[in-house]
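S.K.: Give me a 3D structure for the following:
(one chain, ligands or ions: 1)
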Amino acid sequence: MTEVERLNYDVVVIGAGGAGLRAVIEARERGFSVAVVCKSLFGKAHTVMAEGGCAASMGNANSNDNWQVHFRDTMRGGKFLNNWRMAELHAREAPDRVWELETYGALFDRTADGRISQRNFGGHTYPRLAHVGDRTGLELIRTMQQKIVSLQQEDFKETGDYEARIKVFAECTITELLTDSPGPGAPEGQSRISGAFGYWRESGRFILFETPAVVLATGGIGKSFKVTSNSWEYTGDGHALALRAGAKLINMEFVQFHPTGMVWPPSVKGILVTEGVRGDGGVLKNTEDKRFMFEYVPEVFKGQYADSEEEADRWYTDADNNRRTPDLLPRDEVARAINSEVKAGRGSPHGGVFLDIASRLPAEEIRKRLPSMYHQFKELADVDITKEPMEVGPTCHYVMGGIEVDPDTASSSVPGLFAAGECSGGMHGSNRLGGNSLSDLLVFGRRAGLGAASYVSELKDRPKVSQSDVDAAAAMALAPFDPPGDGVEENPYSLHTELQQSMNDLVGIIRKAEEIERALEKLGELRERIKRVTVEGHRQFNPGWHLAVDLRNMLMVSECVARAALMRTESRGGHTRDDHPGMDAQWRNKLLVCSATPGDNPVVPEIGIEVKEQTPLRQDLLELFELSELGKYYTDEELASHPGSPA
Ligand code: FAD
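M.R.: Just a heads-up that it's a prediction; the model follows:
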């Protein structure tokens, strides 16, 4: 029998980024005991890296802003493939979530009259991003940790134990979710979540959380790609855990390549250069010193963006009477434009383009508004951004695809399994607007905590963990110490490098069928080779073993991305097909739904994909848009109910 530390909680939140922490607060406020598990140090989640800000239509910088404008921008950014109910809840609730953070102690930058300052970002009609310099994510996490400590102090007063209701398990990786056997207590005879199995990274010892409710808040998948702004944690664990537990993923073909990552020196390639640089006046230029974005305003956005440099520059100070600069088009558009400039031979010396803030703002102002960017370039590239332009290019940044959830409760199709933040899918459609992730984390992190709490309070009986499932999870985790013994051994680092290279080259920013098919062949080869992955040494802090465990997840999610990318024969948002360059209205309401199907490879189960039609946009939300705009995305039949429709 496997030796394992066993613990019991009402709710287990996997992930201590913005989504996870907000879920913890909510579930605890409803009186439940909550474990929060994270594979990095507590406080070191990806959210900490968020720079530019948190989008919420508070209307502080422009009183014309409101939730309807934010909703419209989000849907446009996602090319109308968004789960519209999520986009609605997000736009309506984001301001309250930001103000609530202030009650927890957040210190946002202020306007001259003392309100929360809001900055411009791509695709947002008005300045909308609440921010703390370019270190907004850090403040979000700091504040929510502070709130958690204050809740623990309340618990101490009542029980004498700080950890009576919230306990943090840091540097602890969850490798498997457990479900009970379908039984009379389960709705429709479905298996329910019964626990989460993992190991302490330092000791390698196993840990089992027996719990009826799990909230996945594990973030993204960027480490499957070679050039990425994401950190080592982003190995798609939550996506893969959900798939293996029987939940479904949607929109996996939509991966966001942020237009501005560092391109040089090679050791830092991919590190993010915040969109806040362009929001604060920075402009993109090619080697001919031309502001090339004016050439790349796509048909669907014509009329909404300035067509001269003069108008674009006036917009920064008079947004009501001028159209915004195309430097702030949604990210997918800007990334494709940079790609085209480089391909056309007008790129910078190290294969990017120039981003110039030096000639646009006084040095003092740059250092004040963008302190992290100033230091990042000075320390890593020896470039003084107050004097010279930066070199930037696209980097894999965010995954729009994720666990399919109910918008209101954040529940997945598996009873007891909830998801929020970057690992959930639907909210951002085919492309996320900058700043909409931090607000997403707060809105849906809260809803997931609430959803899990309501689920637990209505349970009639607690699902049971079976010992055979625990033994199987332990055996799977230990497999890299005990390879098949046929003389062939695979190195996890080599497999990871091969995976990243293939995804980058063949399923990257510009895709075509023949290349995606080659990627799928490679993934097929890797799924066989992973059975022979071998690690040396012991379970005590062993990075090779950790990677071997994570590799399974990266392979599963990469297969979802590649299969869905091959199936979607159009270009939309973060998915660009060279062989199908246009958007196709027949694809607009189609979701590609991935599930894991039992195959003959238990290490990396097969991925199946189904096409599912999206629920039509609610009439009052449909009417928020002009018919002429919707006509660029929708079929005539879909628009028959619009009041402007001639039908
Ligand atoms: P995270 O904050 O990444 O947290 C994931 C958590 O899950 C971590 O604690 C991790 O340890 C844990 N975890 C993962 N797998 C496991 C496992 N198997 N077991 C246990 N724990 C696990 N968005 C904006 O809106 N505005 C911005 O300005 C902005 N700037 C950004 C800048 C950078 C450099 C980057 C990379 C992203 C930026 N984003 C921004 C995007 C945004 O930061 C992320 O989408 C968001 O923080 C994701 O939050 P999350 O709570 O979903 O996950």
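S.K.: Point out where this structure drops to low pLDDT.
M.R.: 183-189, 647 (pLDDT under 70).
S.K.: give me the residue from the stretch 1-150 of the chain nearest the ligand.
M.R.: Residue nearest to the ligand within the stretch 1-150 of the chain (Cβ to the nearest ligand atom): residue 17, separated by 1.9 Å. For glycine as for every other residue, the C-beta is placed from the backbone atoms N, C-alpha and C.
S.K.: Setting aside sequence neighbours, what's the nearest residue to that residue?
M.R.: With Cβ to Cβ, 6 or more residues apart in numbering as the criterion, residue 17 has its nearest non-adjacent residue at 3.5 Å, and that residue is residue 45.
S.K.: Against residue 292, how distant is that neighbour?
M.R.: Between residue 45 and residue 292 the computed distance is 36 Å (Cβ to Cβ, to the nearest Å).
S.K.: ditto for residue 195
M.R.: In this structure, residue 195 and residue 292 are separated by 54 Å, where distance is defined by Cβ to Cβ.
S.K.: So between the two, which is more surrounded?
M.R.: Just comparing residue 195 and residue 292: by other Cβ atoms under 10 Å the higher neighbour count belongs to residue 195, 29 against 20.
S.K.: Just the closest residue of the stretch 151-300 of the chain to the ligand, please.
M.R.: Nearest residue of the stretch 151-300 of the chain to the ligand: residue 219, at 2.9 Å (Cβ to the nearest ligand atom).
S.K.: tell me which element that residue falls in.
M.R.: Using DSSP states H and E, residue 219 is not contained in any helix or strand.
S.K.: returning to that earlier point: touching, the residue nearest to residue 17 and residue 14? I think so.
M.R.: No. Under the contact definition of Cβ atoms under 8 Å, residue 45 does not touch residue 14, with a separation of 11.5 Å.
S.K.: Residues that sit against both of those two, list them.
M.R.: 20, 38 (Cβ atoms under 8 Å, 6 or more residues apart in numbering).
S.K.: nearest residue to the residue in the stretch 301-450 of the chain positioned nearest to the ligand other than its sequence neighbours?
M.R.: Closest approach between the stretch 301-450 of the chain and the ligand, counting by Cβ to the nearest ligand atom: residue 421, at 2.4 Å. Taking Cβ to Cβ, 6+ apart as the measure, residue 421 lies nearest to residue 19, with 2.7 Å between them; neighbours along the chain are not counted.
S.K.: Just give me the neighbour total for the one you found.
M.R.: Neighbours of residue 19 using other Cβ under 10 Å come to 36.
S.K.: what do you get for residue 636?
M.R.: Using other Cβ under 10 Å as the criterion, residue 636 is surrounded by 11 other residues.
S.K.: what's the spatially most central residue of the chain sitting at in phi/psi?
M.R.: Compute the mean C-alpha point of the chain, and by Cα atoms, centre = their mean the closest residue is residue 422, 3.0 Å away. Phi and psi for residue 422, reported as degrees, to the nearest 10, are phi -60, psi -30.
S.K.: go on, residue 47?
M.R.: Phi and psi for residue 47, reported as degrees, to the nearest 10, are phi -50, psi -30.
S.K.: Helices along the stretch 1-150 of the chain, start to end?
M.R.: According to DSSP state H, counting those that start in this stretch, the stretch 1-150 of the chain carries its helices in the segments 18-29, 67-77, 84-104, 136-159.
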